[in-house]
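Student: Build me a structure from this.
(chains A, B, C and D)
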Number of protein chains: 2
Amino acid sequence: MVTELNDGTFDFCETLTDAEDALAREMLERASAKWPLRVMHILAEAKGPLRFSRVLERVEGISQKVLTQTLRTLEADGLVTRTLYPQVPPRVEYELTPLGGELLVEVVGLWQWIANRLPDFEAARKPKADAV
Amino acid sequence: MVTELNDGTFDFCETLTDAEDALAREMLERASAKWPLRVMHILAEAKGPLRFSRVLERVEGISQKVLTQTLRTLEADGLVTRTLYPQVPPRVEYELTPLGGELLVEVVGLWQWIANRLPDFEAARKPKADAV
DNA sequence: ATCTATACATACCTTATGGTAACTGAACTA
DNA sequence: TAGTTCAGTTACCATAAGGTATGTATAGAT
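Tutor: Down below sits the predicted model:
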């Protein structure tokens, strides 16, 4: 995979196989999707383990079914740990892994970059009346 | 919006309104989704305008319907330009805008970061047999 | 008169995603 | 005995996303 911009300053990532390329794209897609990003964000803010119910409360608008799915996927990707304390009623705690934390930093960086250029995006949407 | 990691080194982006925050997240989601990312990538590689059919050929697996939708969305977001040459048969050319190019650089940077850590992600998925 | 090329639009269908609501299990409580 | 808690699971339904196939407009070529 080669990427070059118009000014020719861009060219890397040639050592990846197609499979690796696809996997990286998939992770990017997953990590920047709506629910996973918000869940990881909440877990990062907590600075420690959170019970299922606490996450459910703090991720506004998510249903418990989708939260379960999301957390399981994050766990499978090594971004979150799940710890079951065999009590009654059960206690399950979720926590961001170091890998998850690092990934979140990167994604939030991109999100930040976009936020800084929001005026540009908004400007790009406007020009209806004043065509050149 | 505040984001802090476990080591407390992370805290910014507090000046955004909720609306701006949501918009930035939305752009992030859109930009890192499957088709938009691949289309932008093709357009970046082309280093210039591409006709609709050329894009369709190069974005493997996309249907013409979805490509049309994707390009229109990218255009509405100010990431690509659409130029219609009123010939018969029609000629339409698409090109990355500077804003689109910049965004792609950022997203590809994240994608690169992920690619560099693929071993970590793969390792995170493995540990089934050797639990601690 | 028919065919071709281009960039779509449209109708129709399948799949995926996500939401709601009800159910579970087991111990503790009233 | 019935109710509560927690972390789900399950069944069911609505919406969205995406695929396939076909239609359209127009001018030039055959």
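
Student: show me the contacts for the closest residue in space to A:Q64 that isn't next to it in sequence.
Tutor: Spatial nearest neighbour of A:Q64, chain neighbours left out: A:L56 (5.8 Å); criterion: CB to CB, 6 or more residues apart in numbering or on different chains. Placement of C-beta: from N, CA and C, glycine included. Residues in contact with A:L56 (CB atoms under 8 Å, 6 or more residues apart in numbering or on different chains) are A:62, A:64, A:67.

Student: in which helix or strand would I find A:L56?
Tutor: Element membership for A:L56 (DSSP states H and E) is helix A:52-58.

Student: And for A:V107?
Tutor: For A:V107, the element it lies in under DSSP H and E is helix A:98-116.

Student: tell me which strands and helices that helix is in contact with?
Tutor: Contacts defined by 3 or more CB pairs under 8 Å, 6 or more residues apart in numbering or on different chains; DSSP states H and E place helix A:98-116 against helix A:34-46, helix B:18-31, helix B:98-116, helix B:118-125.

Student: so who does A:L71 touch?
Tutor: Each residue near A:L71 by CB under 8 Å, 6+ apart is listed here: A:39, A:52, A:55, A:80, A:82, A:94.

Student: Torsion angles phi and psi at it?
Tutor: Dihedral pair for A:L71: phi -60, psi -40, per degrees, to the nearest 10.

Student: Filter the contacts of A:L56 down to just the buried residues.
Tutor: The neighbour-count criterion (16 or more other CB atoms under 10 Å in any protein chain shown) marks A:62, A:67 among the contacts of A:L56 as buried.

Student: from the contacts of A:L56, which is closest to A:V108?
Tutor: A:I62 (18.9 Å; CB to CB).

Student: The closest residue to the closest one other than its chain neighbours: neighbour count?
Tutor: Using CB to CB, 6+ apart and skipping the chain neighbours, the partner closest in space to A:I62 is A:W35 (6.0 Å). Counted with other CB atoms under 10 Å in any protein chain shown, residues neighbouring A:W35 total 18.

Student: State the pLDDT value of A:W35.
Tutor: A:W35 is assigned 95 on the pLDDT scale.

Student: Buried ones in stretch A:48-58, by neighbour count?
Tutor: Residues A:49-50, A:52, A:55-56, A:58 are the ones in stretch A:48-58 that count as buried (16+ other CB under 10 Å).

Student: is any part of it close to DNA strand D?
Tutor: Yes - for stretch A:48-58, a contact with DNA strand D is found by CB under 7 Å from any atom of the strand, at A:51-53.

Student: who's in contact with A:A123?
Tutor: B:G78.

Student: A:V92 too?
Tutor: Contacts of A:V92 (CB under 8 Å, 6+ apart): A:51-52, A:82-85.

Student: Equivalent analysis for A:E20, please.
Tutor: A:E20 neighbours (CB under 8 Å, 6+ apart): B:115, B:118.

Student: how far away is it from B:R117?
Tutor: Applying CB to CB, to the nearest Å, the value for A:E20 to B:R117 is 11 Å.

Student: How many residues are close by the nearest residue to A:V80 once chain neighbours are set aside?
Tutor: Using CB to CB, 6+ apart and skipping the chain neighbours, the partner closest in space to A:V80 is A:L74 (4.0 Å). Number of residues near A:L74 (other CB under 10 Å) recorded here: 24.
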